[in-house]
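Visitor: Predicted model and sequence follow; I will ask about them next.
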Amino acid sequence: MKKRVLVATGGGDCPGLNAVIRGIVKRASHERDWEILGSYQAFNGVLREPMELMVLDEHKVSGIHVKGGTIIGTTNKGGPFAWPIKEKDGTWSSADRSDEMLRRLQYQNIEAVINIGGDGSQAISQKLFEKGLNIIGVPKTIDNDLAGTDFTFGFQTAVEIATDAVDKLVTTAESHNRIFILEVMGRDAGWIALHSSVAGGAEVCLIPEIPYKVESVIERIHERIINDRGVLIIVIAEGAMPVGGEAAAEESDEIGYAHKHLGGAASRLKKELKDAGCESDIRVTILGHLQRGGIPNAYDRVLATQFGVKAFEMVLEGNFGQMVAYKHPNIVGLPIKKVISSYNRIGPDDQLVKTARGIGINLGD
Ligand code: F6P
């Protein structure tokens, strides 16, 4: 009987997930006696009745590296430690089904699991590892906020999409002498905003790590727009906040969703600027999930493929409880426990912050 590895993709989707899956399956095909299974929608496929598992062979993964999304589905709800349960009175609670999940994996002769996901998914990996599961983590997120790895795959594609948006807004802003505020994703980290601002040439970049002063932005507007002539592109991260304020967010009404829905930072800034007396035309563009969908760029396909191959090799070596990470120029394994103990946010002295300031980008401070 073949040895089985289960692959799961969890959390928000991200360009490059399919390239990781393909890398795992192709590398495994060089070994005799190994079979790769996918669990539909993270671990929910293992926990559903009947189970939703699929065999991932070379035929199934052929050509998928160029496709966005994930062929095995994903979710940011549920999971083995917080399975949503509907009570008789219609309210929802959650149950820990992790022991049951481990039994189900044993019953399916699963020797090891490769869990592809962001910080929430890797926290689940660590808890399962502590319960005895042979598990390897693979870091994914467009936000690039996972510690321990130089980059997560998906980030470079998101930056390209955001930069393309800046480029497009510049031409329409120039035609109308307008201010554009572009809201980009990134959760509590400003990596997408900062990279696309430098690449696209935005005048103002507001990130969660540096709370902004509206007066500072107004000052830049006055420098750039004189007698109604001039343009200004502001890139704002969804998690950005004014000094003394909080990120614009609302509670989720989705059952089992662990996060707040971030969004509204750009509209709030527009109001703040208008309230502060800005008379220029201001338009808001929210890029949203366009940053996550579609074809991964070449960089992300390469990184994701490297992660997939390494993850399977770590299974062969028995390096469980570790996450694959990119430490230039190598792909290495790091303890998941260490990786999830911190968060990759932009530091005040990061090189790219210095570069941004060096070319005169206003960071709102
Ligand atoms: O973590 C990735 C991300 O796209 C964030 O940038 C964003 O805040 C969040 O996920 C949105 O998640 P969803 O709409 O899938 O709930």
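Guide: Received, thanks.

Visitor: hey, let's count contacts and neighbours off CA atoms from now on
Guide: Noted.

Visitor: Spell out which residues belonging to the stretch 201-350 of the chain are near the ligand, please.
Guide: residue 262 (C-alpha under 6 Å from any ligand atom).

Visitor: Which single residue in the stretch 201-350 of the chain comes nearest to the ligand?
Guide: residue 262 (5.5 Å; C-alpha to the nearest ligand atom).

Visitor: Buried residues of stretch 341-351, list them for me.
Guide: Using 16 or more other C-alpha atoms under 10 Å as the burial criterion, the residues of stretch 341-351 that qualify are 344, 345, 346.

Visitor: If we ignore the residues flanking it in sequence, what's nearest the residue of the stretch 201-350 of the chain closest to the ligand?
Guide: Spatial nearest neighbour of residue 262, excluding adjacent residues (C-alpha to C-alpha, 6 or more residues apart in numbering): residue 249 at 4.2 Å.

Visitor: need the helices for the stretch 201-350 of the chain, in chain order.
Guide: 214-224, 265-275, 298-317, 336-339 (DSSP state H, counting those that start in this stretch).

Visitor: if I pick residue 349, what's in contact with it?
Guide: Shown in contact with residue 349 (C-alpha atoms under 8 Å, 6 or more residues apart in numbering): no residues.

Visitor: oh, and call the first residue 5 from now on, that's how I've got it
Guide: Right, with 5 as the first residue, what we last looked at is residue 353.

Visitor: where does it fall, phi/psi-wise?
Guide: The phi/psi pair for residue 353 (degrees, to the nearest 10) reads phi -100, psi 10.

Visitor: Then residue 120?
Guide: Per degrees, to the nearest 10, the backbone of residue 120 is at phi -100, psi 110.

Visitor: Can you give me every residue that contacts the residue nearest to residue 300 when sequence neighbours are not counted?
Guide: The shortest distance from residue 300 to any non-neighbouring residue, by C-alpha to C-alpha, 6+ apart, is to residue 19 (4.7 Å). Neighbouring residues of residue 19 by C-alpha under 8 Å, 6+ apart: 71-73, 146, 157-158, 161, 296-300, 304.

Visitor: again, but for residue 169
Guide: residue 291.

Visitor: how close does it sit to residue 355?
Guide: 24 Å (C-alpha to C-alpha, to the nearest Å).

Visitor: Any chance you could list what contacts stretch 211-221?
Guide: 192-194, 197-198, 208, 210, 240-241, 243-248, 251, 273, 276-277, 280, 349-352, 366-369.

Visitor: quick check: domain ranges of the protein?
Guide: In terms of domains, the chain is parsed into 7-157+300-332, 159-297+351-362 (source: automatic domain parsing).

Visitor: thinking again about what came up before, so can I have a markdown table of the buried residues of stretch 345-355 showing pLDDT?
Guide: What follows is the buried residues of stretch 345-355, written out as a markdown table (pLDDT from 0 to 100):
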| residue | pLDDT |
| --- | --- |
| 348 | 96 |
| 349 | 97 |
| 350 | 98 |
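
Visitor: Identify, from those, the entry nearest to residue 90.
Guide: residue 348 (35.9 Å; C-alpha to C-alpha).

Visitor: Check whether that closest one really touches residue 195, as I assumed.
Guide: No - judged on C-alpha atoms under 8 Å, residue 348 makes no contact with residue 195 at a distance of 9.4 Å.

Visitor: which neighbours do these two share?
Guide: 148, 149.

Visitor: Could I get the phi/psi values of the residue nearest to residue 300?
Guide: phi -60, psi 130.

Visitor: And the pLDDT for it?
Guide: For residue 19, the model assigns a pLDDT of 98.

Visitor: gap between it and residue 120?
Guide: Taken as C-alpha to C-alpha, the span from residue 19 to residue 120 is 12 Å.

Visitor: Residue 17 too?
Guide: From residue 17 to residue 120 the distance is 10 Å (C-alpha to C-alpha).
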